[in-house]
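Novice: here is a sequence with its predicted model. Questions after.
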Amino acid sequence: ESAILPYCQKNNIAFLAHSPLDKGRLAPSLDRLEKIAKYYDKTISQIVLNWIVNHRNVIAIPKAVKREHLKQNATSTDFNLWQEHYTEIDNLFPEMRRYVGMHHISVSTTGEGNRQVYQTIEEALGNHLNLVPSPMELAEELKKGYPVKPVRLIWNVDHYDLIEGRNRYWAWYIAFDGKKAIPAYIRWGSK
């Protein structure tokens, strides 16, 4: 949000908000969002989607498992948020990107979506899953300063579990020998 979105807005480039509802994990903000949703007679998801697409050049790609979700998503922009609510939601969702030391992160065996993952640096270097780009190819781009989407982590007692962005994780590890903290989003409700 702090680097890529302003660039896209300045250059009139569409910005796709993938998983804009963070797969339903809005826990810390639910009470306040629920009050705003009641004010408009909308769901929390509709309020958040409306807020997201009201950022210039942003297109949201929300998941719709049920017909009701599809209807809610389709009507999430048929109302205008008052500026005070828009600002309040801005404050509820500050940029959550942090830099986390690689030694604090454990690679989940499944992550989200039960996708196959590399568990070791040797597996990542071998790229037997045939990822494109491979962790090595992506590492070369990172060394050149290529911007990277933060990985997603969730706090688990005494470490972070890597749940999304495993190819980026291994590429970062390769590019910086596991010594440089990686940009990460910490899942809502976690440390």
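Specialist: Right, received. Where do you want to start? Because the structure is predicted, anything quoted here is derived from the model rather than measured.
Novice: so how far is F15 from Y185?
Specialist: Separation of Y185 from F15 (CB to CB, to the nearest Å): 16 Å. The C-beta positions use only the backbone N, C-alpha and C, and glycine is treated the same way.
Novice: what does D90 give?
Specialist: Distance, D90 to F15, by CB to CB: 16 Å.
Novice: so which of those two has more stuff around it?
Specialist: F15 (17 against 11; other CB atoms under 10 Å).
Novice: can you tell me the closest non-neighbouring residue to L30?
Specialist: I44 (6.9 Å; CB to CB, 6 or more residues apart in numbering).
Novice: name all residues that make contact with that neighbour.
Specialist: Each residue near I44 by CB atoms under 8 Å, 6 or more residues apart in numbering is listed here: L26, L30, L33, E34, A37.
Novice: surely the last one meets Q46?
Specialist: Yes - between A37 and Q46 a contact is recorded at 7.1 Å, counting by CB atoms under 8 Å.
Novice: looking at those two, which one has more neighbours?
Specialist: Ranked by neighbour count (other CB under 10 Å), A37 and Q46 place Q46 first, with 21 against 17.
Novice: for this structure, what spans make up the strands?
Specialist: Using DSSP state E, the strands of the chain run over 15-18, 58-61, 97-100, 105-107, 151-156, 159-164, 182-186.
Novice: any chance of the ones you listed in a markdown table, with mean pLDDT and distance to L81 too?
Specialist: Shown next, in a markdown table, are the strands of the chain (pLDDT from 0 to 100; distance: least, CB to CB, whole Å):
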| stretch | mean pLDDT | distance to L81 |
| --- | --- | --- |
| strand 15-18 | 83 | 16 |
| strand 58-61 | 90 | 14 |
| strand 97-100 | 87 | 24 |
| strand 105-107 | 92 | 36 |
| strand 151-156 | 86 | 27 |
| strand 159-164 | 88 | 28 |
| strand 182-186 | 90 | 24 |
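Novice: fine by me, thanks again.
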